[in-house]
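Asks: one predicted model, sequence on top.
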Amino acid sequence: MTAALSSGLLAAITYGAASGYRWRNFREMTQDEVRVALALSPRTLDASSFERLLGAYEKRSGTDTIAITAEGRVYSSSALLGAGDVPPALLDGEPGALKFTDVDHDGKSYVLVGGTGASEVHYVFFFSLDQLESSLAELRAVLLSGWLVIVIGSLAIGHVVAGRTLRPVRQAADAAAALAGGLLDTRLDVTDAKDEFGVWAESFNTMADALEAKIDELARAAERERQFTSDVAHDLRTPLTGMAATAVLLQDHLDDLPEASRRPVAVLVNDVARLKDLVLDLLELSRLDAGAEPVDAEALDVAVAMRATIDSLKLPADIDVTVTSEPGLWVVAARGRFRRVLGNLVANAATHGRGAITVSAQQRGSEIIIEVFDDGPGIPDDDFERIFDRFYKSDESRAAGGSGLGLAIAREHARAQHGDITAARRPEGGARFALTLPATTDPSDPDPDPDTL
Amino acid sequence: MAQQVLIVEDDDSVREAATLVLERAGFEVRGVDDGAKALDEFDRGSFDLVVLDVMLPSLSGFDVCRELRSRSGVPIVMLTARTDTADVVAGLELGADDYLTKPFDPAELAARARAAVRRVTEAEPPRWEAQDLDIDEDAFRVVRCGVELALTAIEFRLLVALARHAGQVLTREVLLERVWGYDYLGDSRLVDMAVRRLRGKLGDDADQPTYITTIRSVGYRFERG
């Protein structure tokens, strides 16, 4: 655009200057010619002399001439021109002074120069502008096409140059986006380290190096931490085994102990049990995080599995569990994990409820939904998602003991079996936990329901 | 006479605790702290049950298990530190009958031990035939064409459970309960592994079985023949 404007301006100025020059030149030329002609004009002329004179003028400078004598006789070098073609203004004026005017006659342009020659004869010279105009037109054409060439040329060059300049910028933008997206090994090629883009590219690469290294470091630190937790929990197993088993045995002997020892021993036994639960939970969670365990899913009879789970919890006699289930429900789950998940939910209900628990199972579409209801105070602050966070313990849970990992573990197991657990509040008060798992049919059924396959 | 248990465990406190638990459960307990001593003790005594830790110094628990199996069909309960497939399956393949993970519940240990040594008591005659097998439940013996098959106690019980219901499919849950004493949600790998070992000893091909057929996702069936 700059090129277009500046060359356009240049062309215009050039043209203006050139044409101005040509015009002045022309006028001067015509002036000189006329003055000469007038100076040399004969004093006495008769008609044929005039004709010869005008003819000579015509021949010499290609101009038509009209002469008007003091008496008013008109002589013209051309049959086409007559006194009527002479503007009156041209005839006034003092001797020696020249008058100029422009005229169009028959489509052609002329400059008329009028002056007084000897014997008071007015001469009017018709200078044709044809040649001037055609050469000016030629100049115009040349300048215009030159201008167009420049414009097109500069557009093309500009496009290429801009492309070349923009391409690295685009590359840089792409590289930055790739880096942000996680491709930490993205780097720019530095072809010329000294130009502006080269410098930019090098600092980009340095930044990417630093970023990649930092993220590697952080990932390794996180892995080390995970490994450490896992190793610690693992190493705690053996000392805990002896301790936990002995503690249980000791508990059975409480009555054999002297009065003063009973309370401390009871507290100790309780603490050991809690420690064992915490370590087991940590071990389980670290196994889940590592994704090390395959999910051994099978088709399980829902009603039987629910009953087996609840029986294995050995809940105290004052907890009343009502189990209901639609008939013929089968679920895809891993035995141990199923027990772990449902066991956790029912144990929670026993801890937080007031003694009445309901466990019910139903099928909805391709899912089995097992709900556990308790009649306790429900989930505090309606924190239906936060309770699944690791180590989250509501104030109540703190008092009841437990590692705070139970629900987190339960959810991980549920999800590993393509299910999930959600929590809600019962309208009549208390908590509702819903475990969903994929449904299937009785594997020994020769006529399975196609919807649940 | 009380049943004899050999405990092989290198950690003193675990060994002591396990000893206490099993003594409470009515067993007579002998404890050793490494594999070589265990094999020695086993040869010198006569044990009804071996409780064996997988992780031992010098001879590994798996090697001890393999050695014991080459000598006897005595019930073996493993103590594992992990429930992940590798350890458990390896042990079961070598012939262990059951496993417990550490830290274990004393009551669980007692229950597993009792289940492992339990004799099969059925009202029907103790000696009977299934296909070409002569089964003597009192003596815990199976004889085929005059040759006694070396089955472990668990394998024997499994064979009896299946053969007594020849022609019927028994689910894994039922087998878990009858043979091991587990509830519905016990580890079904125990059943699968034991069937595999039993087939091996019967010379049965899983794809073209003579004795035991697998009914996918359901259970196993002993053929009438």
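Replies: Arrived safely.

Asks: thought residue A:323 was touching residue A:305?
Replies: No. Assessed by CB atoms under 8 Å, residue A:323 is found out of contact with residue A:305, at 10.9 Å. C-betas here are computed from N, CA, C, even on glycine.

Asks: among these two, which residue is more densely surrounded?
Replies: Of the pair residue A:323 and residue A:305, residue A:305 is the one with more neighbours under other CB atoms under 10 Å in any protein chain shown, namely 25 against 15.

Asks: mind checking how far the more buried one is from chain B?
Replies: Taking CB to the nearest CB, to the nearest Å as the measure, residue A:305 and chain B are separated by 6 Å.

Asks: cool, and residue A:151?
Replies: When CB to the nearest CB is the yardstick, residue A:151 and chain B sit 77 Å from each other.

Asks: chain neighbours aside, what residue packs nearest to that residue?
Replies: residue A:4 (4.4 Å; CB to CB, 6 or more residues apart in numbering or on different chains).

Asks: give the contact list for the residue nearest in space to the middle of chain B.
Replies: If you average the C-alpha coordinates of chain B and look for the closest C-alpha using CA atoms, centre = their mean, you land on residue B:97, 2.7 Å from that point. Each residue near residue B:97 by CB atoms under 8 Å, 6 or more residues apart in numbering or on different chains is listed here: B:75-77, B:116, B:152-154, B:180, B:190, B:194.

Asks: which of the three states applies to residue A:300?
Replies: In terms of secondary structure, residue A:300 is strand; the call rests on DSSP: H, G, I helix; E, B strand; the rest coil.

Asks: compute the number of surrounding residues for it.
Replies: By the measure other CB under 10 Å, the count of residues near residue A:300 is 25.

Asks: surely it meets residue A:337?
Replies: No. Taking contact to mean CB under 8 Å, the distance of 10.6 Å between residue A:300 and residue A:337 leaves them out of contact.

Asks: what's the pLDDT at the closest residue to chain B within the stretch 151-300 of chain A?
Replies: Residue nearest to chain B within the stretch 151-300 of chain A (CB to the nearest CB): residue A:242, separated by 2.7 Å. At residue A:242 the predicted local confidence, pLDDT, stands at 85.

Asks: what's the neighbour count on it?
Replies: Residues contacting residue A:242 under the criterion other CB under 10 Å number 21.

Asks: contact partners for it?
Replies: For residue A:242, the contact set (CB under 8 Å, 6+ apart) comprises B:11-17.

Asks: quick one, phi psi at residue B:151?
Replies: Backbone geometry at residue B:151, expressed as degrees, to the nearest 10, gives phi -100, psi 150.

Asks: what residues does it make contact with?
Replies: By CB under 8 Å, 6+ apart, residue B:151 lies in contact with B:73, B:142, B:159, B:198, B:201.

Asks: residue A:110: which of these is nearest?
Replies: For residue A:110, the nearest member of the contacts of residue B:151 is residue B:198. The distance, counting by CB to CB, is 129.6 Å.

Asks: secondary structure element for the closest one, which one?
Replies: Assigning secondary structure by DSSP states H and E places residue B:198 in helix B:189-202.

Asks: same check on residue A:135?
Replies: helix A:130-180.

Asks: average pLDDT for that helix, rounded please.
Replies: If you average the per-residue pLDDT over helix A:130-180, you get 81.

Asks: ok, and the closest non-adjacent residue to the residue of chain B found nearest chain A?
Replies: With distances taken as CB to the nearest CB, chain B approaches chain A most closely at residue B:13, which sits 2.7 Å away. Spatial nearest neighbour of residue B:13, chain neighbours left out: residue A:242 (2.7 Å); criterion: CB to CB, 6+ apart.

Asks: and the one you found, helix, strand or coil?
Replies: At residue A:242 the chain is in helix, as set by three-state DSSP.

Asks: burial count for the closest residue to residue B:159 other than its chain neighbours?
Replies: Take residue B:159 and drop its neighbours on the chain: the residue closest to it by CB to CB, 6+ apart is residue B:198, 6.0 Å away. Using other CB under 10 Å, residue B:198 has 22 other residues around it.

Asks: contacts only, for residue B:198.
Replies: The neighbourhood of residue B:198, defined by CB under 8 Å, 6+ apart, consists of B:151, B:155, B:158-159, B:204, B:212.

Asks: can you check residue A:124 too?
Replies: Shown here is residue A:124, whose contacts under the criterion CB under 8 Å, 6+ apart are A:65-68, A:86, A:90-91, A:112-114.

Asks: now a ChimeraX select for only the buried ones of these.
Replies: Isolation of the buried members of these (16 or more other CB atoms under 10 Å in any protein chain shown) is achieved in ChimeraX through the command below:
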select /A:65,66,67,68,86,90,112,113,114
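
Asks: name the nearest of the contacts of residue A:124 relative to chain B.
Replies: After measuring these against chain B - CB to the nearest CB - the closest member comes out as residue A:112, at 116.6 Å.

Asks: if I look at the closest one, how far off is residue A:57?
Replies: When distance is defined by CB to CB, to the nearest Å, residue A:112 is 14 Å away from residue A:57.

Asks: ok, residue A:171 next?
Replies: Plainly put, residue A:171 is 76 Å away from residue A:57 if you go by CB to CB.

Asks: so if I had to pick from those two, which one is more boxed in?
Replies: Counted by other CB under 10 Å, residue A:171 and residue A:57 do not tie: residue A:57 has more neighbours, with 21 against 14.

Asks: so which strand or helix has residue A:114?
Replies: strand A:108-116.

Asks: quick one: mean pLDDT for that strand?
Replies: The predicted confidence, averaged over strand A:108-116, sits at 75.

Asks: other SSEs contacting that strand?
Replies: Applying 3 or more CB pairs under 8 Å, 6 or more residues apart in numbering or on different chains; DSSP states H and E, one finds that strand A:108-116 makes contact with helix A:2-39, strand A:99-105, strand A:122-128, helix A:130-180.

Asks: so which of these is the most surrounded?
Replies: Using mean count of other CB atoms under 10 Å in any protein chain shown, the stretch among these with the greatest mean number of neighbours is strand A:122-128 (a mean of 23).

Asks: near chain A, which residues of chain B? Just list them.
Replies: Proximity of chain B to chain A is confined to B:11-18, B:20-21, B:24, B:81, B:83-85, B:102-107, B:109, B:169, B:173, B:183-189, B:215-218 under the rule CB under 8 Å from any CB of the partner chain.

Asks: can you tell me which of those end up in helices?
Replies: In helices, judged by DSSP state H, the following of the residues of chain B next to chain A are found: B:12-18, B:20-21, B:24, B:85, B:106-107, B:109, B:173, B:189.

Asks: so which of the residues you listed is the most crowded?
Replies: With neighbours defined as other CB under 10 Å, the most crowded of these is residue B:18; it has 29 neighbours.

Asks: what kind of secondary structure is the residue nearest to that residue when sequence neighbours are not counted in?
Replies: Closest residue to residue B:18 in three dimensions, ignoring its sequence neighbours and counting by CB to CB, 6+ apart: residue B:7, at 5.4 Å. For residue B:7, the assignment made with three-state DSSP gives strand.
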